[in-house]
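# Sequence plus the predicted model coming up.
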Amino acid sequence: MEQLIGREWESKLLEEAVASPKAELIAVYGRRRVGKTFLVKYLFEKQFVFYTTGVYEGTMDEQLAVFQRQLNHYSGLYYPKVTKWSDAFEQLIQYLSSLDEKKNAILFFDEMPWMDAPSSRFIKAFDVFWNGWASSRPNIKLIVCGSATTWMMDNIITNKGGLYNRSTRRIKLAPFSLYECEQYLNSKGLRWNRYQIAECYMILGGIPYYLQALHKGLSVAQNIDELFFREDAELFGEYELLLRSLFKRPAVYKKVIEVIGARAKGMTRSEIIQALHLQEAGGGLTEVLKDLISCDFIRAYGAYGKKERDTLYQLTDFFTLFHLKYLENYKGLDEHRWSNMQDSPAKRAWLGYSFEMLCLHHIAQIKDALGISGVSSDICSWAVQEKKDEHPGGQIDLLIDRRDQIINLCEMKFSTDEYELTGSYLKKLTERAELFRKITKTRKALHLTFVTTYGLQNNQYAGMIQKVVTLDELFHKKMG
């Protein structure tokens, strides 16, 4: 089996749960392909007394058949065929009751949401199994796992019925950080520099399944061509499969994603309603937005000085952003499309925007580089429309509003070399900072801050920048 990269905190929590003196219902969730199954199997596969997995788009009969086949395998017995989940769980109880109660019994239900086929009454049967039997047996350690984060939240983690507050541990597995991504690629023999790793990250994100498909004998551009643009490319249809596996109404979620993704800085809820031509009630939009946030497709963030109703929803999933930009309407005519775009203005613009997303995914590292990891702060943006005869328009994509009376006004630049700050651009930044102070009336100190690939050229203007954060610092391990 591959070595485990990162996941120290998650591993510690799982091992503590398995070693505890009480029954444990451990929910592991996170987006598809993020490594949930690998983590659980890496830690405990040899200790499983029972393991089963849901069947994607399977019927109840198909789900039950897999469950019973696994039960027969682990028990060494043959249980008669059943047609109801209540009977299947009763058979599981019979098997588990035969085990030594002094030894921990680790069970793993993988892709549990898929087991809940329509009209199967799976959750009701599971409720009876856990509350009526398993929860009172200290040796039972049940790990349930699912990519459909919404289902996991509604049915296991925040269930309002019989399973209310029954999960004893909740672990959301996040994508790799740049630090973990570098470790993983090194373990696979891909010796790329950090600029190349960052470019790869801005396409695939920190998703282990996508990263494992990379070939060490190819460049980043060649790998992207192989994964997306050649005939029968491995990841060409991944986006549609991803949505279908996560959501019961994938077309609805896809439309919301596309609408939000069309505006780089995000949209308010009212703007999304208007763009989708919905009624004011939103047509279930609140639930869709919540689901997309929980599955790490979008983020909700505030604009400086704005109210909660002005919350912005922004598409931040790298894989989805790349798909919408380069694959959504691609006709498959150029198998070397990414390699042929290396020096194009369009790609440079895309890299610039994606680098901003990269920074947003590594706020903890930016704060650590600024020496403020322990300082409470709000992460937000700011924008103002031009007002004739009063002030021009202005926009700052990343503000770190600190409790120590400082605001970092962050400028993010992805460059192949040290970034050259010119006098005219410094003047623009200074005027924008003063506009921000005028409009917001803040009394806090304003620090001009650059986040760049290789830092700033040491010229007469660079000294006016209070702090520079480099790409290397984004690769630092997250503390705490």
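Cool, the structure landed.
# use CA for all of it now, contacts and neighbours both
OK.
# residue ranges of the strands in the chain, please?
Using DSSP state E, the strands of the chain run over 24-29, 48-53, 105-110, 140-146, 169-172, 267-268, 298-301, 312-315, 377-384, 394-402, 406-413, 445-452, 467-470.
# among the ones you listed, which is nearest Thr83?
strand 48-53 (17.1 Å; Cα to Cα).
# May I see the strands of the chain organised as JSON lines, with distance to Lys477 and mean pLDDT added?
Shown next, in JSON lines, are the strands of the chain (distance: least, Cα to Cα, whole Å; pLDDT from 0 to 100):
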{"stretch": "strand 24-29", "distance to Lys477": "23", "mean pLDDT": "93"}
{"stretch": "strand 48-53", "distance to Lys477": "32", "mean pLDDT": "97"}
{"stretch": "strand 105-110", "distance to Lys477": "29", "mean pLDDT": "97"}
{"stretch": "strand 140-146", "distance to Lys477": "26", "mean pLDDT": "95"}
{"stretch": "strand 169-172", "distance to Lys477": "19", "mean pLDDT": "90"}
{"stretch": "strand 267-268", "distance to Lys477": "32", "mean pLDDT": "90"}
{"stretch": "strand 298-301", "distance to Lys477": "22", "mean pLDDT": "91"}
{"stretch": "strand 312-315", "distance to Lys477": "25", "mean pLDDT": "93"}
{"stretch": "strand 377-384", "distance to Lys477": "20", "mean pLDDT": "90"}
{"stretch": "strand 394-402", "distance to Lys477": "20", "mean pLDDT": "92"}
{"stretch": "strand 406-413", "distance to Lys477": "20", "mean pLDDT": "96"}
{"stretch": "strand 445-452", "distance to Lys477": "17", "mean pLDDT": "96"}
{"stretch": "strand 467-470", "distance to Lys477": "14", "mean pLDDT": "96"}
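# Now mean neighbour count and distance to Lys216 too, for the ones you listed, in a markdown table please.
What follows is the strands of the chain, written out as a markdown table (neighbours: other Cα atoms under 10 Å; distance: least, Cα to Cα, whole Å):
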| stretch | mean neighbour count | distance to Lys216 |
| --- | --- | --- |
| strand 24-29 | 25 | 30 |
| strand 48-53 | 20 | 32 |
| strand 105-110 | 21 | 31 |
| strand 140-146 | 25 | 31 |
| strand 169-172 | 17 | 30 |
| strand 267-268 | 20 | 39 |
| strand 298-301 | 20 | 31 |
| strand 312-315 | 24 | 30 |
| strand 377-384 | 17 | 37 |
| strand 394-402 | 19 | 35 |
| strand 406-413 | 20 | 28 |
| strand 445-452 | 20 | 27 |
| strand 467-470 | 20 | 26 |
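# Put together a markdown table for those strands, with distance to Ile224 on each row.
Below are the strands of the chain laid out as a markdown table (distance: least, Cα to Cα, whole Å):
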| stretch | distance to Ile224 |
| --- | --- |
| strand 24-29 | 28 |
| strand 48-53 | 31 |
| strand 105-110 | 30 |
| strand 140-146 | 28 |
| strand 169-172 | 28 |
| strand 267-268 | 30 |
| strand 298-301 | 23 |
| strand 312-315 | 21 |
| strand 377-384 | 32 |
| strand 394-402 | 28 |
| strand 406-413 | 23 |
| strand 445-452 | 24 |
| strand 467-470 | 25 |
